[in-house]
Every structure is written in structure tokens, then in C-alpha cells.
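Chemist: task: produce atomic coordinates for the following.
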Amino acid sequence: MEIRKLEIKDAEQFCNLIVNMYSNLGNLEWFTPMPYDAENVAGIIANPRFYIIGAFIDEKLVGVSSLDYKCGKLLDKIEFPKDCDLTKLVEIAFNIVHTDYRGNKIMQEMVCYLLDKIKKDGYKWAFAKVHKNNIASIKSCENSGFEIYCKYEKPVDKQDFISLSNQPFFCKTGKQNADKTLKHFQDSEKIIVDYNILMKKL
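Modeler: I've put the predicted structure just below:
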């Protein structure tokens, strides 16, 4: 397996990976809506806010992980530890592994790759935002030395949620759970999603 920084030429494969993830995602609350068309995905790859790596097997993109240097814009929304220098903090953001390749510790290898990079770059802290019920991802983070630090309620645009849940590739279970979520928040302008914030001191 090869792990490297994604390039614009990888945008189509990245799109396919996102669609694969959504096609098998049982609960849309687990993953903040993100684009899956080539133009917008290429824009994400090119955006200096992110450092995105891909795991390739025989030149097929089977996983992605990333750094978000703006920390998901959460610096003023979460009270991080007092000894945490926010200028030395970075978020390990979206992590996706193709459904055919799960269970092979690919996500853990990508996270280790990113931790090595940010440590060399002088960062002292890393954190990840994972839905409270996404046990597999929480366990993967914990295996990489992260610990649950606090809870975070993230507001999600309801129209983005509806649009994505109505896509033909979205799975039946996911649609059913999306309907339950929408019913629960039918009187609200936003959907509030419950996450765990996991932190690691480097």
C-alpha cells in the first residue's frame, strides 16, 4: 500500500470514494455533508486549509485522511485544555476507507502518517471529531493514542442534509435513519449532531 498526498488528478477517485462511503453509510449524522462532484472535490484538494493524503492499493484510492489547519473553525467554540497552545493545534479531519478494504487498519496507518507529519512540522496537539455512536472510528482513534476530551454539538444545515439523503446512491438504512433525524428536528432550522472530541498530545 502506498500513502501519499492527494493531487488534483486524484479528484475523480476521491469522488468515487465519497459516493462509496455515502452508499454504505447507515447514519448520515456520522459524517458532515461534503461534496462528491469532481469540481468541488478538486477545490478541496487544492485548498491550503487542508492537507489530504490517500491510501492506494494497485493505484486504486482506498482511503483518505486529512489535516484541517483551521481546526474545523472550532477554536472559539470549544474550551481546549489550558496547557494547549492553539497555534500548535491541528485537526485530523475527514477519514474515509472504501467498504471493500475496511478491517485492515488502513485508517490507523493514515492517521499515524499524519501524526508523524504534524509532529515534524512542530505541532504539539491533535484532535479529531467523531460521532458519539461511531464506535469503530472512536476505537481507531484510541488505538492511535487519542482520548475522549469533551462533547460537541455541531449544527448542520437541514437542506444540505435533505439533499444528500435524497440522492439515489444513498442506502435504504441511511434514508430511514435520515428520516428519523429530520422528524426529530422538524421544528428546528438546524440539525444538531452529537460528536466526541478526541485529543492527543504529541
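
Chemist: tell me which residues in the lengthiest helix in the chain are buried?
Modeler: Identified as the longest helix of the chain according to DSSP state H is helix 106-120. Residues of helix 106-120 classed as buried: Ile106, Met107, Gln108, Glu109, Met110, Val111, Cys112, Leu114, Leu115, Ile118 (neighbour count, 16 or more other C-beta atoms under 10 Å). For every residue, glycine as well, the C-beta is placed using N, CA and C.

Chemist: quick one: residues contacting the first one.
Modeler: The neighbourhood of Ile106, defined by C-beta atoms under 8 Å, 6 or more residues apart in numbering, consists of Met1, Ala55, Val62, Gly63, Val97.

Chemist: so what's the closest residue to it other than its chain neighbours bridging to?
Modeler: Closest residue to Ile106 apart from its sequence neighbours, by C-beta to C-beta, 6 or more residues apart in numbering: Gly63 at 4.6 Å. Note on Gly63: beta-bridge partners by DSSP bridges are Ala55, Val97.

Chemist: Val64 and Phe50 touch, don't they?
Modeler: No: the pair Val64 / Phe50 is not scored as a contact, 10.4 Å apart, by C-beta atoms under 8 Å.

Chemist: give me the three-state assignment for the residue nearest to Gln13 when sequence neighbours are not counted.
Modeler: Among residues not flanking Gln13 along the chain, Leu61 sits closest, at 3.9 Å (C-beta to C-beta, 6+ apart). Assigned with DSSP: H, G, I helix; E, B strand; the rest coil, Leu61 falls in the strand class.

Chemist: any idea how far Leu61 is from Gly26?
Modeler: Distance, Leu61 to Gly26, using C-beta to C-beta, to the nearest Å: 22 Å.

Chemist: quick one, which of the two is more surrounded?
Modeler: Leu61 (19 against 13; other C-beta atoms under 10 Å).

Chemist: residues in contact with the more buried one?
Modeler: Counted by C-beta under 8 Å, 6+ apart, Leu61 has contacts Asp10, Gln13, Phe14, Asn16, Leu17, Gly54, Ala55, His98.

Chemist: can you redo those as TSV with pLDDT, distance to Tyr195 and neighbour count?
Modeler: Shown next, in TSV, are the contacts of Leu61 (pLDDT from 0 to 100; distance: C-beta to C-beta, whole Å; neighbours: other C-beta atoms under 10 Å):
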residue	pLDDT	distance to Tyr195	neighbour count
Asp10	97	28	20
Gln13	97	28	18
Phe14	97	23	22
Asn16	96	26	16
Leu17	96	22	23
Gly54	98	24	24
Ala55	98	24	24
His98	97	23	19
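
Chemist: cool, thanks, signing off.
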